[in-house]
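[1] Sequence plus predicted model, see below.
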Amino acid sequence: MVTAIDAIAGIKSGQISCETLIAEIYERIERSKLNCYITLTRESALEEARDVDKRYAEPDFQRKTLLGVPIAIKDSISTAGIQTTCASRILTGYVPPYDATVIEALKREGAIIIGKTNMDEFCMGTSTETSYYGPTKNPHDLTRVPGGSSGGSAAAVAAGEALIALGSDTGGSIRCPASFCGIVGLKPTYGFVSRYGLIAYANSLEQIGPIATTVKDTALLLDVIAARDWRDSTQVKVKTEGPSNYHCSWLNETGIVPGDAISGLRIGVPREFFEGCDPEVARAIWNSIHKFEELGATYEELSMRNMKYALAAYYVIAMSEASSNLARFDGLRYGLREGKDEDWHTTFSRIRGDGFGEEVKRRIILGTYALSAGYYGKYYLKALKVRTLIKREFEEALKTHDILAMPTMPFVAFKLGERIQDPLSLYLADVNTVSINLAGVPSISIPCGFSHNMPIGLQLVGRYFEEDLILRVAEAYEQRGS
Ligand code: GLN
């Protein structure tokens, strides 16, 4: 499959027909057994593609950073005029009247939306098995999960059913499926990308981010979606409106990363992230670290003692925020509205009872409990204190190290059905990803080998707003390491 950067160059020079490229992708989707998509936008996509083929030479079109690139969008991101379900029955049929800021940015830069991808219901899960629309399968092995919750986006990119995709990451939902599907996924620093139009699961933790087959495509997409937005007050002003060629700033003319990307780099390797990790996964991560050493980096093992509390703190905070966010789904304003209206309590309960899946209900109940009078201090407040300790520990570790390296997931993709009956075992799978959301630091997952023929993901964590460095290091590894 062609990369997004090559496709754009081909389209801009008239060597690639955008319509043919997109028609081929739809053919692949039609034949696919993966179930990556909830909604396809074939007609509008092909129409836009024909327009690109006609007008690509116009200066306005030549200026568009993502001209003609077919992109898949996670179904938690609002798209005007296109059904947006969050993979839940309760939002089936809901068509947002507006675009998320990231979607506006993609359209401005000429990307073509080919569909909305499958995910865990309301982003709650690690395997894309809680979707109302059935699970997505892993392109490397159809009996295994693609990871979650952005499983549809990751599987689509890995299988050539889209060139690039957007996911959202609250506790690992971009990095986990990127790791399980053998591709690249980046969770930006909290506040880097606007969340306006992202259907909220846990606001204080989540970010929209890019999923792609190469680091350069990831950087290019990040550059576009990080557009400044006054509608998200948590966004930090780090760059100006529109693409800044941020992705190019670390590449020289030949496209090769300058030699200093890795030489002198100080890598921290926190021991806690290897506890309970599959030995083959750990070996692959260590091989990558030694590769970095050969390329001129130094590494040091370190300890981050509070990491053992991360999962508990994350789930208390995420579920508490979710219980409050999901109160808006009452059947009156959005989506599902069936049966006869009775008194408010009965109707509200029936719609929510029918509309939400089991995992969503479990989390609403647990979150409501954690926030209730008498328990608030014991659970929610305590979790917030732990969060501060975790944040400090990352800040400390990143004072003396430029980057931290560890496995994204402690194991490779597991079998469909293997963990879904036991929610706790699924929560435990997030052990290496959630602390990063609690701290708000940026992190990328890149492929670094195979175990049992399934891909392994290397996770690199950086300082706040140092996406640039993470991408440079990842790019150097992609070019020379693997
Ligand atoms: N698996 C985690 C959860 O279920 C993270 C999901 C996410 O990042 N959206 O909460």
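    Received it, and whenever you're ready, just let me know what you need.
[2] okay, residue 349: pLDDT?
    Residue 349 is assigned 88 on the pLDDT scale.
[3] where does it fall, helix, sheet strand or coil?
    Counting by DSSP: H, G, I helix; E, B strand; the rest coil, the backbone at residue 349 sits in helix.
[4] List the residues that contact it.
    Shown in contact with residue 349 (C-beta atoms under 8 Å, 6 or more residues apart in numbering): no residues. Where you see a C-beta, it was placed from the backbone N, CA and C, and this is true even at glycine.
[5] right, is stretch 382-396 up against the ligand?
    No. Under the criterion of C-beta under 6 Å from any ligand atom, stretch 382-396 makes no contact with the ligand; the nearest approach is 13.7 Å.
[6] what mean pLDDT does that stretch have?
    Mean predicted confidence for stretch 382-396 is 98.
[7] in it, what counts as buried?
    382, 383, 386, 387, 390, 391, 393, 394 (16 or more other C-beta atoms under 10 Å).
[8] Out of these, which comes closest to the ligand?
    residue 383 (13.7 Å; C-beta to the nearest ligand atom).
[9] phi, psi of that closest one?
    Backbone geometry at residue 383, expressed as degrees, to the nearest 10, gives phi -60, psi -40.
[10] That one against residue 317, yeah?
    Yes. Using C-beta atoms under 8 Å, residue 383 is in contact with residue 317, at 5.0 Å.
[11] What separation is there between residue 82 and the ligand?
    21 Å (C-beta to the nearest ligand atom, to the nearest Å).
[12] Around the ligand, pick out the residues from the chain.
    123-126, 149, 169-173, 201, 318, 430.
[13] make it 5 Å
    123, 124, 126, 149, 169, 170, 171, 172, 173, 430 (C-beta under 5 Å from any ligand atom).
[14] ok, how many other residues are close to the spatially closest residue to residue 155 that is not a sequence neighbour?
    Nearest non-adjacent residue to residue 155, counting by C-beta to C-beta, 6 or more residues apart in numbering: residue 146, 4.2 Å away. Residue 146 has 34 neighbouring residues, counting by other C-beta atoms under 10 Å.
[15] Please list all residues in contact with residue 146.
    Applying C-beta under 8 Å, 6+ apart, we find residue 146 in contact with 34, 127-128, 136-139, 152, 154-155, 158, 177, 180-181, 413.
[16] ditto for residue 393
    For residue 393, the contacting residues are 304, 305, 306, 307, 439, by C-beta under 8 Å, 6+ apart.
[17] mind putting these in TSV, secondary structure, pLDDT and neighbour count included?
    Listed next are those as TSV, based on DSSP: H, G, I helix; E, B strand; the rest coil; pLDDT from 0 to 100; neighbours: other C-beta atoms under 10 Å:
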residue	secondary structure	pLDDT	neighbour count
304	coil	98	20
305	helix	96	11
306	helix	97	19
307	helix	97	21
439	helix	98	24
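[18] ok so, going back, would you check which pair of the residues of the chain next to the ligand lies furthest apart?
    Farthest-apart pair in these is 124 and 169; separation 13.1 Å (C-beta to C-beta).
[19] Just say helix, strand or coil for the residue in the stretch 251-400 of the chain that the ligand sits nearest to.
    Closest to the ligand within the stretch 251-400 of the chain is residue 318: 5.1 Å, counting by C-beta to the nearest ligand atom. Under three-state DSSP, the three-state class of residue 318 is helix.
[20] now it: how far from residue 394?
    According to C-beta to C-beta, to the nearest Å, residue 318 and residue 394 sit 18 Å apart.
[21] Next, count neighbours for the residue of the stretch 251-400 of the chain closest to the ligand.
    Close neighbours of residue 318, defined as other C-beta under 10 Å, add up to 28.
[22] do residue 31 as well
    8.
[23] can you pull the pLDDT of it?
    On the pLDDT scale, residue 31 is placed at 98.
[24] ditto for the one 10 residues further on
    For residue 41, the pLDDT comes out at 98.
[25] Equivalent analysis for residue 339, please.
    At residue 339, pLDDT is 73.
[26] The nearest residue to it once chain neighbours are set aside and residue 461: what is the separation?
    Spatial nearest neighbour of residue 339, chain neighbours left out: residue 350 (6.1 Å); criterion: C-beta to C-beta, 6+ apart. Separation of residue 350 from residue 461 (C-beta to C-beta): 45 Å.
[27] More neighbours: which of these two?
    In this view residue 350 and residue 461 are compared by other C-beta under 10 Å, and residue 461 has more residues nearby, 26 against 16.
[28] and that one, bridged to which residues?
    Beta-bridge pairing of residue 461, defined through DSSP bridges, involves residue 404, residue 443.
[29] and it, what is it in contact with?
    Contacts of residue 461 (C-beta under 8 Å, 6+ apart): 394, 398, 403, 404, 405, 406, 436, 441, 442, 443, 470.
[30] Just send the residues you listed back as JSON lines, with distance to residue 297 too.
    Formatted as JSON lines, the contacts of residue 461 follow (distance: C-beta to C-beta, whole Å):
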{"residue": "394", "distance to residue 297": "19"}
{"residue": "398", "distance to residue 297": "15"}
{"residue": "403", "distance to residue 297": "9"}
{"residue": "404", "distance to residue 297": "12"}
{"residue": "405", "distance to residue 297": "9"}
{"residue": "406", "distance to residue 297": "15"}
{"residue": "436", "distance to residue 297": "21"}
{"residue": "441", "distance to residue 297": "19"}
{"residue": "442", "distance to residue 297": "19"}
{"residue": "443", "distance to residue 297": "17"}
{"residue": "470", "distance to residue 297": "14"}
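[31] how about the helices of the stretch 151-300 of the chain, start to end?
    Taking DSSP state H, counting those that start in this stretch as the criterion, the stretch 151-300 of the chain carries its helices at 151-158, 175-181, 215-225, 279-294.
[32] between those helices, which gets the lowest average pLDDT?
    helix 215-225 (a mean of 92).
[33] tell me the angle that one makes with helix 151-158.
    130 degrees (axes from the mean of the first three to the mean of the last three C-alpha atoms, to 10 degrees).
[34] Which pair of the buried residues of stretch 382-396 spans the longest distance?
    382 and 394, at 19.3 Å, using C-beta to C-beta across the buried residues of stretch 382-396.
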